[in-house]
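In: Next comes the sequence, and after it the predicted model I'd like to discuss.
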There are 2 protein chains.
Amino acid sequence: MPPLTASSYATDLDAIREAADRIALHAHRTQVMTCSTLDGLAGCTLFFKCENFQKVGAFKFRGACNAVMKLPDKVAQRGVVTHSSGNHAQALALAASTRGITAHIVMPRTAPKVKQNAVAGYGGRIYLCEPTLKARHEMTAQVVNATGAELIPPYDHPDIIAGQGTIALELLEQVDRLDAIIVPVGGGGMISGIAIAAKAINPSIRIIAAEPAGADDVARSMAAGTLIEQVDPNTIADGLLTSLSERTWEIIRDHVERVITVTDPEIIDAIRLVFERMKLVIEPSAAVGVAVALHESFRALDGIKRVGVILCGGNVDLDRLPWMNV
Amino acid sequence: MPPLTASSYATDLDAIREAADRIALHAHRTQVMTCSTLDGLAGCTLFFKCENFQKVGAFKFRGACNAVMKLPDKVAQRGVVTHSSGNHAQALALAASTRGITAHIVMPRTAPKVKQNAVAGYGGRIYLCEPTLKARHEMTAQVVNATGAELIPPYDHPDIIAGQGTIALELLEQVDRLDAIIVPVGGGGMISGIAIAAKAINPSIRIIAAEPAGADDVARSMAAGTLIEQVDPNTIADGLLTSLSERTWEIIRDHVERVITVTDPEIIDAIRLVFERMKLVIEPSAAVGVAVALHESFRALDGIKRVGVILCGGNVDLDRLPWMNV
C-alpha cells in the first residue's frame, strides 16, 4: 500500500532548476535591496527581491518565458494565447516575441488603453471582447480553434509555477541564512513555485503568505482546511484579485506556515513608504508583502530575523497614485 | 618663470581617494542600473549611477560625510553649521549625527514642513530665519558666534567636492570602457569632483554637463569664457538653482567638454519615463541628466557608445509629481 502522502505537486526543484536554465538568457536576475529605515520599522532585516525590475515590470515574465520556451517547436509555431488584461498579458506577449512566435491576447474591451498599448508594444495581437468571464472564454476558444495556439494561463499551469519558483533559487543564492520569505498571493502561482523551491533547498525556511483583506481566499481556505474560492474581491491590490486553484492550494496548504492579511490603507501606506524611503516604484500587490513585513502579526512571530520580501511588480498607474485623491 | 597652467584645482585624485576611504563605512556604494528601453531611445548604452539610493536619498551625503569626518576632533566637537533647505541640510545632519556631533541647520521659515521634519529626523538642530539671503547669512553668523561650529557649505568647499568625486571612482570600477559621463550641474560641486576623478583615471573620458534651460549659468559661462553667475533661476529642477562658484567654474571650464541644456517639459518627460520604465523614483535634478542623454544634441556627438548618467537624487515631492496638475 502506498504511503499516505500528497502524491505529487505541480512542480518540483528539478523542474524549477530547469526553468532557471531555460529563462536565464531572457529574464533579469533581479537585485536584492535593503533599507535601514524599513528594517527599523519591522524590527528585523528585510531583503527585498526586486521583481519590479524584471522584464515587463513584474515577476510574471519568468513563468510566461518558461512556458513559452518549453513548448516543442511544432506547438510553438502555432502561437500562444491567454486571456488577461494584467501583467501576464504583457509577459506572454514579450516571451512569445522573444521566441519569434505570435501571442494572441484576449482582453476585455474595457481594459485601459495603456495596458492595450503595452501588450501591442511587446508585439502581442489583441482581441477585444465583452468584459465578462463567459465572453473571455468564448473568445479564447475561438482563437484556439482558428489558430491552434497553445493556451498559457496566468498561474494555474506547472510551467508557470516552475518559472515563478526561480525567484527563490536566486534569492537563496543572493542572501544567506534567511528565516522566512513573505510572498503576496493572488492565484498562488508565485508562492507555490517559491515554496517548493525554497523548502526543497532549506526545509526549515518559513513561507508567509501576504494577502489583502479584500481578497482573502488563502486566509479563509487555511481556516477551513479546504479551498474556498475568491468571489467579489475588493482591494486596491489589483494584481491579487484572482482565486487559488486546486493546483496552487495543495502546495500552499502543505508549505505555507501562515497567511497575514492587510487592509487597503495599510497597503497604501506601504506603497508610499517604499517610494519615499527606498526610491522604488512598486505596484499595490508588491506593497501587500511590505505591509505584512511591517505588521504586528508578523512581528509577533518568534525566531524571525532575516526575511525575504518579494516586490512582485512595479506596474502602477502613475496618473492615479493611491495616496492622491484624483 | 612657472608655466602658464591652471595652478591647482580645489581637489585632486588623491584627495578623492582619501575621501572614498573616509566615507566607506558610512555611505552606500550605490548600484548601477541599465534599461534597454532607454538605451533604445538614446541610441547608446546608458549606465545609471543610482545616487537616489544614497543615504538621505541624494549624492550630497558623500560630500557632507567627507567634510564632517575630516574635521579634527577639537573642531568637530563644536559642531557644524550650514544654511540649506535642500538635500545638503539632511546630508549634513546625518553626517554629523553619524560622528556624534551637532549639526546646526539654518533654514528659511518658508521651508516645507516635510524638509524640516527630515532634517530633525536625522538629528539636526533647526534655526528658522526670514527667507532672504541676508537673513540666512546673518543667522548662520550668529550660530557660528554662539557655538564655534564649523561652516560646511553645500558645494563650494574642497572636501565637499572631493566627497562627490567618489561617485566617479565607483562608477569607473563598476563599468568599463565608458566614453562619457553626463552630470547635472547646480553649484557644480558634483561635476567638479567627478571630472577631476574621472579625467585623472581616464584622460580621454568625456564629461558632459546637464543643465536646465531655466538655470543655465554653465552654458552662459562657457559661451562667455568667464563665470557668469546665475540670477533669477526658474526651473522645476529645484536642486540645480544655485550658481557656480569660482572654485567649481575653474574645474568645469578646463574639464567639461560641453553643456547641454534641457527644458522643463523635457525634464518632466524624463522623470516620468524613469518612474515608468526603470521603476525608480528620481527627483527633477536627476531627470536633467536623463533628458540630456535622450536629447538630439547629445545623440549628435560622435564616438559615444557607453555613457554614465548620474541619477543624483530621489527626493521628489510625492504629493505633487510634476505630471499631475495639482
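Out: Nice, thanks for sending it over.

In: Any buried residues in whichever strand or helix holds A:Arg22, and which?
Out: Assigned by DSSP states H and E, A:Arg22 belongs to helix A:13-23. For helix A:13-23, a neighbour-count test (16 or more other Cβ atoms under 10 Å in any protein chain shown) marks A:13, A:15-20, A:22-23 as buried. For every residue, glycine as well, the C-beta is placed using N, CA and C.

In: Nearest to chain B among those residues?
Out: A:Ile23 (16.2 Å; Cβ to the nearest Cβ).

In: Contacts only, for the residue lying closest to the closest one once chain neighbours are set aside.
Out: Residue nearest to A:Ile23 in three dimensions, not counting chain neighbours: A:Cys65, with 4.5 Å by Cβ to Cβ, 6 or more residues apart in numbering or on different chains. By Cβ atoms under 8 Å, 6 or more residues apart in numbering or on different chains, A:Cys65 lies in contact with A:22-23, A:26-27, A:91, A:94-95, A:98, A:163.

In: ok, back up a step: now for the helix holding A:Arg22, which elements pack on it?
Out: With contacts taken as 3 or more Cβ pairs under 8 Å, 6 or more residues apart in numbering or on different chains; DSSP states H and E, helix A:13-23 sits against helix A:60-70, helix A:158-174, helix A:189-201.

In: contacting residues around that helix?
Out: A:62, A:65-66, A:69-70, A:158-159, A:162-163, A:165-166, A:168-170, A:193, A:196-197, A:200-201.

In: With A:Lys279 as the reference, measure out to A:Leu318.
Out: From A:Leu318 across to A:Lys279, the span is 15 Å (Cβ to Cβ, to the nearest Å).

In: ah, wrong one, I meant A:Glu250
Out: A:Glu250 is 39 Å from A:Lys279, by Cβ to Cβ.

In: The two: which is more packed in?
Out: A count of neighbours by other Cβ atoms under 10 Å in any protein chain shown puts A:Lys279 above the other of A:Glu250 and A:Lys279, at 27 against 19.

In: how about the nearest residue to that one, chain neighbours excluded?
Out: B:Gly314 (3.7 Å).

In: Pull up the residues of the stretch 201-326 of chain A that are close to chain B.
Out: A:272, A:275-276, A:278-282, A:314, A:318-319, A:321, A:323-324, A:326 (Cβ under 8 Å from any Cβ of the partner chain).

In: filter those to the buried ones?
Out: By 16+ other Cβ under 10 Å, those give A:272, A:275-276, A:278-282, A:314, A:321 as buried.

In: Out of those residues, list just those in helices.
Out: Judged by DSSP state H, the subset of these located in helices is A:Arg272.

In: Throw the buried ones among the residues of the stretch 201-326 of chain A next to chain B into CSV and include pLDDT, thanks.
Out: Listed next are those as CSV, based on pLDDT from 0 to 100:
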residue, pLDDT
A:Arg272, 96
A:Phe275, 98
A:Glu276, 95
A:Met278, 98
A:Lys279, 98
A:Leu280, 98
A:Val281, 98
A:Ile282, 98
A:Gly314, 97
A:Leu321, 92
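
In: For the residue of the stretch 51-200 of chain A found nearest chain B, list the residues it contacts.
Out: Relative to chain B, the nearest point of the stretch 51-200 of chain A is A:Asn52 (4.4 Å; Cβ to the nearest Cβ). The contact partners of A:Asn52, taken as Cβ under 8 Å, 6+ apart, are A:58, A:280-283, A:286, A:311-314, B:279.

In: Which residue, other than its chain neighbours, is closest to it?
Out: A:Asn52 sits nearest to A:Gly314 (Cβ to Cβ, 6+ apart), 3.0 Å away.

In: cool, A:Gly165 as well?
Out: Here the residue nearest A:Gly165, using Cβ to Cβ, 6+ apart, is A:Gly193, at 2.9 Å.

In: The one helix or strand A:Ile105 maps to: what's the following helix or strand?
Out: Using DSSP H and E, A:Ile105 falls within strand A:103-108. Sequence order places helix A:113-121 as the next helix or strand after strand A:103-108, per DSSP H and E.

In: Centre of the chain to that next one, how far?
Out: 20 Å (Cα atoms, centre = their mean, to the nearest Å).

In: Partner strands of the following helix or strand past it, with direction?
Out: Going down the chain from helix A:113-121, the next helix or strand is strand A:125-129, by DSSP H and E. If you go by DSSP bridges, strand A:125-129 pairs up with strand A:103-108 (parallel).

In: quick check: domain ranges of chain A?
Out: Segmentation of chain A into domains, based on automatic domain parsing, reads A:6-59+A:158-325, A:61-151.

In: can you put those domains in TSV and add distance to B:Thr226?
Out: Converted to TSV, the domains of chain A look like this (distance: least, Cβ to Cβ, whole Å):
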stretch	distance to B:Thr226
domain A:6-59+A:158-325	38
domain A:61-151	48
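
In: which residues in chain A form strands?
Out: A:32-33, A:45-50, A:80-83, A:103-108, A:125-129, A:150-151, A:180-184, A:206-212, A:256-262, A:306-311 (DSSP state E).

In: JSON lines for those, including mean pLDDT?
Out: Below are the strands of chain A laid out as JSON lines (pLDDT from 0 to 100):
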{"stretch": "strand A:32-33", "mean pLDDT": "98"}
{"stretch": "strand A:45-50", "mean pLDDT": "98"}
{"stretch": "strand A:80-83", "mean pLDDT": "96"}
{"stretch": "strand A:103-108", "mean pLDDT": "96"}
{"stretch": "strand A:125-129", "mean pLDDT": "96"}
{"stretch": "strand A:150-151", "mean pLDDT": "98"}
{"stretch": "strand A:180-184", "mean pLDDT": "98"}
{"stretch": "strand A:206-212", "mean pLDDT": "98"}
{"stretch": "strand A:256-262", "mean pLDDT": "98"}
{"stretch": "strand A:306-311", "mean pLDDT": "98"}
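
In: give me the number of residues near A:Ala224?
Out: By other Cβ under 10 Å, 9 other residues sit near A:Ala224.

In: Next one: it, what pLDDT does it get?
Out: As predicted, A:Ala224 sits at a pLDDT of 97.

In: Residue ranges in chain A under the pLDDT threshold?
Out: A:1-7, A:325-326 (pLDDT under 70).

In: one more time with 90
Out: Counting by pLDDT under 90, chain A contains low-confidence ranges at A:1-8, A:84-86, A:111-115, A:133, A:319-320, A:322-326.

In: and the residue lying closest to A:Ser192 once chain neighbours are set aside, what does it touch?
Out: Spatial nearest neighbour of A:Ser192, excluding adjacent residues (Cβ to Cβ, 6+ apart): A:Ile251 at 4.1 Å. When contacts are counted by Cβ under 8 Å, 6+ apart, A:Ile251 touches A:9-10, A:161, A:188, A:191-192, A:195-196.

In: now those residues in JSON lines, with neighbour count and distance to B:Glu130?
Out: Below are the contacts of A:Ile251 laid out as JSON lines (neighbours: other Cβ atoms under 10 Å in any protein chain shown; distance: Cβ to Cβ, whole Å):
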{"residue": "A:Tyr9", "neighbour count": "18", "distance to B:Glu130": "69"}
{"residue": "A:Ala10", "neighbour count": "22", "distance to B:Glu130": "68"}
{"residue": "A:Ile161", "neighbour count": "34", "distance to B:Glu130": "63"}
{"residue": "A:Gly188", "neighbour count": "30", "distance to B:Glu130": "60"}
{"residue": "A:Ile191", "neighbour count": "34", "distance to B:Glu130": "57"}
{"residue": "A:Ser192", "neighbour count": "34", "distance to B:Glu130": "62"}
{"residue": "A:Ala195", "neighbour count": "27", "distance to B:Glu130": "60"}
{"residue": "A:Ile196", "neighbour count": "26", "distance to B:Glu130": "64"}
